Structures are given as C-alpha cells and as structure tokens.
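Enquirer: Give me a model of this one.
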Amino acid sequence: MANTSDVIVVGAGAAGCVLAARLSEDPHRRVTLLEAGGRDLNPLFRVPLMTGILLRSRYANWFYHTEPEPNLDGRKSFWPRGRVLGGSTTINGMVWARGRPSDYDSWAQDGLPGWSWTDALAGFRRIERFQNGASADHGGDGPMPITDGGASHPLLDTFVRACLEAGHPPSADFNAGTYEGAGRYHFTISGGQRWSAARAFLQPARSRPNLHVVPRAQALRVLIENGRATGVVTASGTFRADEVILCGGALNSPQLLMLSGIGPADDLRGHGIAPLADVPGVGRNLQDHLLVRVEHACTAPITLQSLTRLDRAAVALAQALLLRTGPAASFPLAAGFMLRSEPGMDEPDVQGHFLPGLTTGTLRVPGLAPPARTGDAHGFMANVTQMRPDSRGTVTLRSADPLAAPVFRANYLSDPRDIATLRRSARMLREIFAQPAFDAVRGPEMSPGPDVSSDADMDAWIRRTADTMFHPVGTCRMGRDSDAQAVVDPQLRVRGVSGLRVADASVMPRITSGNTSAPSMLIGHRCADFIIRQA
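Expert: Next up is the predicted model:
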C-alpha cells in the first residue's frame, strides 16, 4: 500500500532527526519522517550569526506567542519555533549544554528507569564528535560536531576575567567536571557553519531507500483505530504505519495529541472532539527559562554594534557564506557562566550568556526581519536565567482546527521563588560588570539603569523586561503508571493508546539545567534505543 511504513516520525526537529536516522539504520525498517516546514536548503541557515534574524523572522518559524502573561505586566512573550527540516536547531543559538547529572538522576530516582546520568552520558557520547576527541566525558566520532564555536572578541575574555574577579570559579567545560563556573560555551558549529540536527543526522541518512522524508506535510491528527495508532492524517495525504512517534516539541506534540482525542476529556469535549483516551496531563507542566538582561554602554567602538550598518553586515555575511570566516561565522554569545545565585546552595541554579553587543537582533536583513533596535551606539550585555524554574504553565487547544495555533500560558513568575532568583541574579551581574576588568570600557548602565535599586524597583523592572530563552518543555511528561498526570511511560509510550509514543522536549518531567537542544537530541536517541531493543 502507498504511504505505508513501519514507523512514522512526526516532526524533523532535534529529536525527530536523530530518531529517524537511527531507526532507518536497519534496512528492513521502513521509516517515514513528516515535517510541517520545508527543506533546509537556504544557505543563510548555515550562517551562525543569522540566528538573530531567523528567530525574529516568520521564515521557517511557527512564530508563536503566549497569551498575555499576568506576571509580565500582561505582555505576550514571543516564542519562535523552527518550522523546517532540523526544526529549531536550524534557527537557534547552537549552544551545546547537556544539563547537569543531577537533572537526569532525579528523573531516574522518581521511577523512570533508563534515564539516569549514566544512561544519558552514554547517549551523549554516541551523539557527539567533540573537537578534542573522545574522553570519559565526551564522544569523539558521533554525527554532531561540538566545538568552541570560533568566536573571537576581546570583551569575551573581559567578561570571564570579571567573573573571576568577582570571586566566581573558572570553568573549562560546562559539560563536564563540576558543571560550574565562568568560561566559554560549546556549540554545534564547525568550519564556520551551523550544524543542525538535519545536517548532522538526517542528511547522511537521506540516501537510504527505507527512509522517506516528507517536507511540508503538517500533521492534522493521529489515526487511532481500536485503541491503537495506525497512521497520521496530514494536509498532503494519509500515511499509515505500525507505530507513530510524535516529535513536534512542547507545543505541537500536545496539540496533536488533543486534536487526535488524547488529553483531558472535558477539555476535548468542549471543542467538539470525542475523547479516545482521557489523559489529563496532556498540555500541563509547561516550563521555560525566563531571562533578564543587564546592559551597559561601551566607551570604545569595539562592539558588534558596528554590524548594524547595512554595508558592514553585508560584508560579514558575504565572508561567512563564501569563506566561512569573519564575525558572522560564529555565534557571539560565547562566554558565560553557570553559578549559584546565593551561597550555601547545593548546586548552581542560574546560567548566563555574555554578548559583546546589545543584541544580535540589530542586524538588518531586508525581506527577512526588521531591526529590533536601531542606531550604532556601542554597548554590551549579559543575560541570566534561572535554570530550574518553579512556575508551571499549560498548552490547550484554541479550537478543533488543526491549523490554529495552540493556546499556551507559561505563567512566568507565578511561583514567587522565581522572581527572587532573577532579582539576585541581576544583582550578581551588576557586581560582575563593576569589576576592574571592565573599567576601560564600561559606560553607564542602560538596563536596569541607575535608578533601579530597591527590591520593588527590581521586581517591576523584571516584570517589564523579562524575556524567554526559547526552551519550552514538559507538556507530555514521563511518569510512572501510578502518576495520574503522566502522559508517557519511561519508554515514551502514550498512556491509553498502543503504538504511539512522544519523543521530544515535552516528555521532560523537569527542565534541564541549561539550553535544551542537546537534551532533546538525547531523547530522540533514547527513544530509538527503546524501539531497537524490543524489535
């Protein structure tokens, strides 16, 4: 029968590309990979500095927004999500942060076998092609190149030096050792180019006759017959398989489950959808990393603000495209920290990234996105985020129309511990910027500004300016059978429906400590392990 396979993977993002590539290694297993977006052929996808434009552009982007957030002064938060082969790994900041060992060990301790740090590290080592070769902490011959990113700017070293002057420890590797300190990040950048999940995993597998990649095939619902998933209905046709795996991410995977009749029964009936499996946890447990930025004017004309002029941006873009060199061939958020926001904590709770400019969004590329800020005034900034926030949000259906965006509320700062952590963290950043390392270039503080000092003033500034790190997770979370809010079991099988799994960031019970692209690839890798071992 046409459009029939053994496995359908829905969503060619971080997890979906890994999963489809690994499953198709068996020539006897027919794999279909469905992606709502198009192919990743545009050469601009390869340019690391284009992240600042791609995240703000509707091009290859679902361009989602939250509902008004009551604790952010009623503002809607913009949540870009990749809609293209590679998903968000084709437009994101490319930071490789695996999370802390305690993240995964806590999952295992909560009754999720197969998800301990020992299991996770083995998976990461098979994924990575680390620039320094294999070691006990890193893989050396995996599909995904992991490098220092190649960023070179004097202020990056200035920031690290200021962190040390403020009494914080150095870190040579945020993915090994103590997972604490100030230093340089690793990136999925090699040879001056971005390496998305599609490029690293899918591209080498595309020639396999048993792998069928279908772009521009937005899933409308999962076919469920007699309690079993048997295929997927898309805007371009119906595909059938013995097993269906959703890899749409923390927003699209719960949406597709609910459109298919899997979710909180009363909510589904309210949209005229007949419940096929009453799974109340679908769309609950939404988590994200919220950040604040401390910005300073720079007294020397040495920052990335020089690239806000169209002629200079064009030269940098041409260098990156043709020669794979120059300021656009790396990602400038290269220095940062993972630190404790107050003494006495068991482990670091905040993460920061420094930028030798005010924002990558100032780059002007006509036809893709307008500038987020204009002018050539020089400045630098650092952001800081709480790595394990306590606030929880929801994803629900807007309607039974599968083409309508889901409704989601992050409920940022609904737990008072979160704003207290951000307040402490912003003050910690102020202390870092006050160190002697910045004396030669430090201009006035632009944000929060010298008039913001009291707790009340700081909290008002946070509510007025806080923004997302673009890391939504948790909405189809793993759990034990006794957990009524669990959506999938430890092998990622959906409760109440046979032949259906979810494998993406939505299954995280708790968000990992840092950027979420690497953990999402791990989840795709682990899902492949579960399927291969049972075959």
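Enquirer: Could I get the contacting residues of the closest residue to Ala484 other than its chain neighbours?
Expert: Spatial nearest neighbour of Ala484, excluding adjacent residues (Cβ to Cβ, 6 or more residues apart in numbering): Pro280 at 6.5 Å. C-betas here are computed from N, CA, C, even on glycine. Residues near Pro280 by Cβ atoms under 8 Å, 6 or more residues apart in numbering: Gly263, Pro264, Ala265, Ala484, Gln485.
Enquirer: among those residues, which are in helices?
Expert: In helices, judged by DSSP state H, the following of these are found: Ala265.
Enquirer: Show me which of the contacts of Pro280 is closest to Asn175.
Expert: Gln485 (30.7 Å; Cβ to Cβ).
Enquirer: SS state for the closest residue to that closest one other than its chain neighbours?
Expert: Of all residues not flanking Gln485 in the chain, Gly281 sits nearest, at 3.8 Å (Cβ to Cβ, 6+ apart). When classified by DSSP: H, G, I helix; E, B strand; the rest coil, Gly281 comes out as coil.
Enquirer: quick one: pLDDT of Gly281?
Expert: In this model, Gly281 is scored at 98, pLDDT.
Enquirer: Quick check: phi and psi at it.
Expert: phi -80, psi -10 (degrees, to the nearest 10).
Enquirer: now it: how far from Asp483?
Expert: Distance, Gly281 to Asp483, by Cβ to Cβ, to the nearest Å: 8 Å.
Enquirer: just Leu323 next, same as before
Expert: 53 Å.
Enquirer: Show me which of the two is the more surrounded one.
Expert: A direct count of neighbours by other Cβ atoms under 10 Å for Leu323 and Asp483 places Asp483 higher, at 16 against 10.
Enquirer: Just read off the phi/psi values of the more buried one.
Expert: Given degrees, to the nearest 10, the pair of backbone angles that Asp483 has is phi -90, psi 110.
Enquirer: what do you get for the one 10 residues further on?
Expert: According to degrees, to the nearest 10, the main-chain angles of Arg493 amount to phi -80, psi 130.
Enquirer: quick one: contacts for Leu220?
Expert: Val233, Thr234, Ala235, Leu259, Pro402.
Enquirer: from what I can see the last one touches Thr234, true?
Expert: Okay, so that is Pro402. No: assessed by Cβ atoms under 8 Å, Pro402 is found out of contact with Thr234, at 9.6 Å.
Enquirer: Please enumerate the shared neighbours of these two.
Expert: In contact with both Pro402 and Thr234: Gln218, Ala219, Leu220, using Cβ under 8 Å, 6+ apart.
Enquirer: What helix or strand is Glu445 located in?
Expert: strand 442-447 (DSSP states H and E).
Enquirer: Average pLDDT for that strand, rounded please.
Expert: On average, strand 442-447 scores 96.
Enquirer: next one: stretch 337-345
Expert: Here the average pLDDT along stretch 337-345 is 95.
Enquirer: quick one: buried residues of it?
Expert: The neighbour-count check on stretch 337-345 (16 or more other Cβ atoms under 10 Å) flags Phe337, Met338, Leu339, Arg340, Ser341 as buried.
Enquirer: Which strand residues bridge Leu290?
Expert: Thr468 (DSSP bridges).
Enquirer: what's the burial count for it?
Expert: Here the number of neighbours of Leu290 (other Cβ under 10 Å) works out to 26.
Enquirer: What residues does it make contact with?
Expert: Thr385, Gln386, Pro389, Ala410, Tyr412, Leu413, Asp418, Leu422, Ala466, Asp467, Thr468, Met469.
Enquirer: Could I get the full set of helices for the stretch 1-150 of the chain?
Expert: For the stretch 1-150 of the chain, the helices defined by DSSP state H, counting those that start in this stretch cover 14-23, 51-54, 101-109, 117-127.
Enquirer: Output those as TSV; include the columns mean neighbour count and distance to Gly167.
Expert: As requested, the helices of the stretch 1-150 of the chain are exported to TSV (neighbours: other Cβ atoms under 10 Å; distance: least, Cβ to Cβ, whole Å):
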stretch	mean neighbour count	distance to Gly167
helix 14-23	30	36
helix 51-54	24	32
helix 101-109	18	24
helix 117-127	20	29
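Enquirer: And these: which comes nearest Phe433?
Expert: Nearest to Phe433, of the helices of the stretch 1-150 of the chain and by Cβ to Cβ, is helix 51-54 at 22.1 Å.
Enquirer: So which of the contacts of Leu290 belong to strands?
Expert: Residues of the contacts of Leu290 located in strands (DSSP state E): Thr385, Gln386, Asp467, Thr468.
Enquirer: my read: the third one touches Met381, true?
Expert: Right, Asp467. No: judged on Cβ under 8 Å, Asp467 makes no contact with Met381 at a distance of 11.9 Å.
Enquirer: List the contacts of the residue nearest to Thr512 when sequence neighbours are not counted.
Expert: The shortest distance from Thr512 to any residue other than its chain neighbours is 3.3 Å, reached at Gly99 (Cβ to Cβ, 6+ apart). Going by Cβ under 8 Å, 6+ apart, Gly99 touches Ala120, Thr512, Ser513, Gly514, Ala518, Pro519.
Enquirer: Tell me the spacing between the residue lying closest to Asn252 once chain neighbours are set aside and Ile432.
Expert: Distance criterion Cβ to Cβ, 6+ apart; nearest residue to Asn252, sequence neighbours excluded, is Gly11 at 6.8 Å. Applying Cβ to Cβ, the value for Gly11 to Ile432 is 39 Å.
Enquirer: One more: Pro254?
Expert: Remark: distance between Pro254 and Ile432 (Cβ to Cβ) = 38 Å.
Enquirer: Same question for Met508.
Expert: 30 Å.
Enquirer: Check which residues of stretch 153-161 are buried.
Expert: So, applying 16+ other Cβ under 10 Å, buried residues of stretch 153-161: His153, Leu155, Leu156, Thr158, Phe159, Val160, Arg161.
Enquirer: in which helix or strand would I find the second one?
Expert: Here Leu155, judged by DSSP H and E, is contained in helix 154-165.
Enquirer: And the contacts of that helix?
Expert: 170, 181-184, 298, 302-303, 332, 334-337, 339, 354, 356, 380, 382, 432-433, 435-438, 441.
Enquirer: Return the subset of those residues lying in strands.
Expert: Reading strands off the contacts of helix 154-165 with DSSP E, I get Gly181, Ala182, Gly183, Arg184, Cys298, Ala335, Gly336, Phe337, Leu339, Phe354, Phe380, Ala382.
Enquirer: still on that earlier bit, from the contacts of Pro280, which two are the most distant?
Expert: Farthest-apart pair in these is Ala265 and Gln485; separation 14.2 Å (Cβ to Cβ).
Enquirer: Thr308 and Arg388, how far apart?
Expert: Taken as Cβ to Cβ, the span from Thr308 to Arg388 is 35 Å.
Enquirer: excluding its backbone neighbours, what's nearest Thr299?
Expert: In space, Thr299 is closest to Gly443, 4.9 Å off (Cβ to Cβ, 6+ apart).
Enquirer: That neighbour is in contact with Ala297, isn't it?
Expert: Yes: contact criterion Cβ under 8 Å: Gly443 and Ala297 qualify, at 3.0 Å.
Enquirer: Find residues that contact each of the two.
Expert: Between them, Gly443 and Ala297 share the contacting residues Gly379, judged by Cβ under 8 Å, 6+ apart.
Enquirer: what ranges of this protein fall below the confidence cut-off?
Expert: 1-2, 359-376, 535 (pLDDT under 70).
Enquirer: which stretches of the stretch 251-400 of the chain form helices?
Expert: Here the stretch 251-400 of the chain has its helices, by DSSP H, counting those that start in this stretch, at 265-270, 310-323.
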